[in-house]
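Peer 1: sequence and predicted structure are below.
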There are 2 protein chains.
Amino acid sequence: MPREITGFSNPLVKQVRGLRDKKNRRAEGLFLAEGLRILTEALDAGIPPKMLWHAPEGGAHPLVQKLARETEATGGEVFVTSTDILSKLSGKDNPGAVIGVYPEMLTPLTALDRATSGIWLVAERLRDPGNLGTILRTGDAVGAGGLILIDDCTDPFSVEAVRASMGAIFTQKVATARWPEFVSWLRSAPGQLVGTSLNTDNDYQDPRYEAPTFLLIGNESQGLPEVYEKECDLLVKMPMMGKADSLNAAMATAVMAYEVLNQRRQR
Amino acid sequence: MPREITGFSNPLVKQVRGLRDKKNRRAEGLFLAEGLRILTEALDAGIPPKMLWHAPEGGAHPLVQKLARETEATGGEVFVTSTDILSKLSGKDNPGAVIGVYPEMLTPLTALDRATSGIWLVAERLRDPGNLGTILRTGDAVGAGGLILIDDCTDPFSVEAVRASMGAIFTQKVATARWPEFVSWLRSAPGQLVGTSLNTDNDYQDPRYEAPTFLLIGNESQGLPEVYEKECDLLVKMPMMGKADSLNAAMATAVMAYEVLNQRRQR
């Protein structure tokens, strides 16, 4: 049965609200996701929340009822609370009716099975949580195996990244690694490392990409360090017709990932 | 000569800070851009600021000096102020050393010359300022003629949209229109209206797009209204291999716009 939570001072409210901070997420190994669409996406991927929070009126929605059943059936807890408290938990005026608390699910680099997909995304020092989430969502769209975060990237479990992923945080595997560790793992088996760069004349549509392709995405403002570019098996560039000489990192990833997909799919 | 501004209570500080609100932008016809890269992009596009704000240490930078010279040469004013006041103006801890105030530059729909480019972007009820700015940046990258904002879109002159555009707000023409007004203008001359949709089996790589192509982007969560889809000359869909059945609106725009560009460019 759902528990009713009425007070802002309830320690559970404080705990869940605390998950908006990275320090608390890391300490508890938990993160927040908001909104019926994302929570349903998670459930479809076989992942019910540890805690489900909804407002009394939300309980009438069949998808919320299904989420609540699955949460309780797997040992999680369901809390019914006011819209005011939900807003406080999410930090938004409209928390999208439901909030879920999930265990952080990083996959160890060495546990990634590169044979499961022909496309993997690799991001280096990505700073913007919206970009990270959007890249996860693009990974889901092109059927990538997952996202490998190199060096110090923004947290994939932040509220902003989870929201921008639109549920792909639950469907894409996420691993973290330092660069030398990644290179050593990458070279332990076949795989083509492809970087986008301004330091090449190689048009991105010219090569035939080899599976599994690892698409390496550089930091938003600085791009890839030179030694990282040197490690790539292939550097390519996208045509830029405009005044500015760059694309947003998430855009460049989408255009590259669709090129790789397009070379391989049947139409 | 630059004017020195030392007090938070200076009415100019209040005026410039006020431009973070849409109401004030509209009332004054002015908007804010931050950061040397974007301000330099604007200058390269022939647009100096009406007001240039920088910290004393910023005055040593040759690009800031060039901006200051051009600002004064075109009748604008240069203000030197503290980092604290710059932070207050920008609402960020690190305001990127320089802030410019610019006149809002909407182009009337009927003043757009569709012959100047083979690609135009058209967005309908776009809600997220980051998406809007990123779409402008993509437009710049593919050499689009501009962006037409249909019905109630988020403000292209908000601080977030301008920042995400990375200067493309100065290089891309921006027009606003209600849907019937847009359709009437569109049909007054040749032009192919292309929408992305889940309600079609038409693969986005199958058609040969006809110039000028108008790429119609729907609202982030609802996509295009049915009557808008019906008006399209062509509906296409991108392959989705994942669990979620959608791409971020700005991603979809980038993938579509590069397809149109790729069909036409020489390699």
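Peer 2: Yes, it's here.
Peer 1: nearest residue to A:R178 in space, please, no chain neighbours.
Peer 2: Ranked by Cβ to Cβ, 6 or more residues apart in numbering or on different chains and with sequence neighbours excluded, the top spatial neighbour of A:R178 is A:D151, at 6.3 Å. For the C-beta atoms, the positions are set from N, CA and C on the backbone; glycine is no exception.
Peer 1: separation between the residue nearest to A:L12 when sequence neighbours are not counted and A:N24?
Peer 2: Once flanking residues are discounted, A:L12 sits nearest to A:I5: 6.3 Å by Cβ to Cβ, 6+ apart. A:I5 sits 19 Å away from A:N24 when distances are taken as Cβ to Cβ, to the nearest Å.
Peer 1: so which bits of the stretch 101-250 of chain A are right by chain B?
Peer 2: Within the stretch 101-250 of chain A, the positions near chain B by Cβ under 8 Å from any Cβ of the partner chain are A:130, A:134, A:137-143, A:164, A:166-168, A:171, A:203, A:205-206, A:238-244, A:246-248, A:250.
Peer 1: just the buried ones among those residues, please.
Peer 2: A:130, A:134, A:137-143, A:164, A:166-168, A:171, A:238-239, A:242-244, A:246-248, A:250 (16 or more other Cβ atoms under 10 Å in any protein chain shown).
Peer 1: so which of those belong to helices?
Peer 2: A:G130, A:T134, A:R137, A:T138, A:G139, A:D140, A:A141, A:V142, A:A164, A:A168, A:T171, A:A250 (DSSP state H).
Peer 1: list the contacts of the fourth one.
Peer 2: Residues in contact with A:T138 (Cβ atoms under 8 Å, 6 or more residues apart in numbering or on different chains) are A:L121, A:A144, A:A250, A:T253, A:A254, A:A257, B:L247, B:N248, B:M251.
Peer 1: with adjacent residues omitted, what lies nearest to it?
Peer 2: Nearest to A:T138 is A:A254, by Cβ to Cβ, 6+ apart, at 4.7 Å.
Peer 1: could you list every helix and strand in contact with the helix or strand where the one you found lies?
Peer 2: Using DSSP states H and E, A:A254 maps to helix A:249-264. The contact analysis (3 or more Cβ pairs under 8 Å, 6 or more residues apart in numbering or on different chains; DSSP states H and E) places helix A:249-264 against strand A:119-124, helix A:129-142, strand A:192-196, strand A:213-217, helix B:129-142, helix B:249-264.
Peer 1: mean pLDDT added to the ones you listed, as a markdown table?
Peer 2: Below are the helices and strands packed on helix A:249-264 laid out as a markdown table (pLDDT from 0 to 100):
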| stretch | mean pLDDT |
| --- | --- |
| strand A:119-124 | 98 |
| helix A:129-142 | 96 |
| strand A:192-196 | 97 |
| strand A:213-217 | 97 |
| helix B:129-142 | 96 |
| helix B:249-264 | 96 |
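Peer 1: which one of the ones you listed lies nearest to B:N10?
Peer 2: B:N10 sits nearest to helix B:129-142 of all the helices and strands packed on helix A:249-264, at 28.0 Å, using Cβ to Cβ.
Peer 1: tell me the angle of the helix or strand harbouring A:L43 relative to helix A:129-142?
Peer 2: Using DSSP H and E, A:L43 sits within helix A:36-44. Counting by axes from the mean of the first three to the mean of the last three Cα atoms, to 10 degrees, helix A:36-44 points 50 degrees away from the direction of helix A:129-142.
Peer 1: and helix A:36-44 with chain B, contact?
Peer 2: Yes. Helix A:36-44 reaches chain B (Cβ under 8 Å from any Cβ) through A:E41, A:D44.
Peer 1: CA atoms only: put that helix into PDB for me.
Peer 2: What follows is helix A:36-44, C-alpha atoms only, in PDB (Å, rounded to 0.1, in the frame of the first residue of the first chain):
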ATOM      1  CA  LEU A  36       5.300   9.700 -16.600                       C
ATOM      2  CA  ARG A  37       6.900   9.400 -20.000                       C
ATOM      3  CA  ILE A  38      10.400   8.700 -18.700                       C
ATOM      4  CA  LEU A  39       9.300   6.500 -15.800                       C
ATOM      5  CA  THR A  40       7.300   4.400 -18.300                       C
ATOM      6  CA  GLU A  41      10.300   4.200 -20.600                       C
ATOM      7  CA  ALA A  42      12.300   2.900 -17.600                       C
ATOM      8  CA  LEU A  43       9.600   0.300 -16.800                       C
ATOM      9  CA  ASP A  44       9.500  -0.800 -20.400                       C
END
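Peer 1: direction included, what does the following helix or strand past it pair up with?
Peer 2: Using DSSP H and E, the next helix or strand after helix A:36-44 towards the C-terminus is strand A:51-54. Take DSSP bridges as the rule and strand A:51-54 pairs in its sheet with strand A:77-81 (parallel), strand A:98-103 (antiparallel).
Peer 1: burial count for A:R267?
Peer 2: A count of nearby residues for A:R267, using other Cβ atoms under 10 Å in any protein chain shown, gives 8.
Peer 1: now swap in A:R114 and tell me
Peer 2: 18.
Peer 1: shouldn't it be in contact with A:R187?
Peer 2: No. Here A:R114 lies out of contact with A:R187, judged by Cβ atoms under 8 Å, at a distance of 11.9 Å.
Peer 1: can you list the domains in chain A?
Peer 2: Domain assignment for chain A by automatic domain parsing gives A:3-103, A:109-264.
Peer 1: who wins for proximity to B:A211 among those domains?
Peer 2: Nearest of the domains of chain A (Cβ to Cβ): domain A:109-264, 13.8 Å.
Peer 1: tell me how far that closest one is from the chain's mean position?
Peer 2: Chain-centre distance of domain A:109-264: 12 Å, with Cα atoms, centre = their mean, to the nearest Å.
Peer 1: check stretch A:1-18 too.
Peer 2: Worked out by Cα atoms, centre = their mean, stretch A:1-18 lies 27 Å from the chain centre.
Peer 1: what's the first-to-last distance across that stretch?
Peer 2: 25 Å (Cα to Cα, to the nearest Å).
Peer 1: hmm, who's touching that stretch?
Peer 2: Contacts of stretch A:1-18 (Cβ under 8 Å, 6+ apart): A:24, A:28, A:32, A:51, A:53, A:59, A:68, A:77-82, A:84-85, A:88-89, A:91, A:99, A:101.
Peer 1: which parts of it are buried?
Peer 2: Result for stretch A:1-18 [16+ other Cβ under 10 Å]: buried residues A:P2, A:I5, A:L12, A:V13, A:V16, A:R17, A:G18.
Peer 1: farthest pair in the residues you listed?
Peer 2: It's A:P2 and A:G18 that sit farthest apart of the buried residues of stretch A:1-18, by Cβ to Cβ, at 21.6 Å.
Peer 1: per-residue confidence at the nearest residue to A:A45 once chain neighbours are set aside?
Peer 2: Leaving out its chain neighbours, the residue that sits closest to A:A45 by Cβ to Cβ, 6+ apart is A:F170, at 4.5 Å. Looking at A:F170, its pLDDT is 96.
Peer 1: equivalent analysis for A:D93, please.
Peer 2: 66.
Peer 1: from what I can see A:G143 touches A:W120, true?
Peer 2: No. Applying Cβ under 8 Å, one finds A:G143 not in contact with A:W120, separated by 10.8 Å.
Peer 1: could you look up the SS state of A:V236?
Peer 2: Under DSSP: H, G, I helix; E, B strand; the rest coil, A:V236 falls in the strand class.
Peer 1: fine, thanks again, bye for now.
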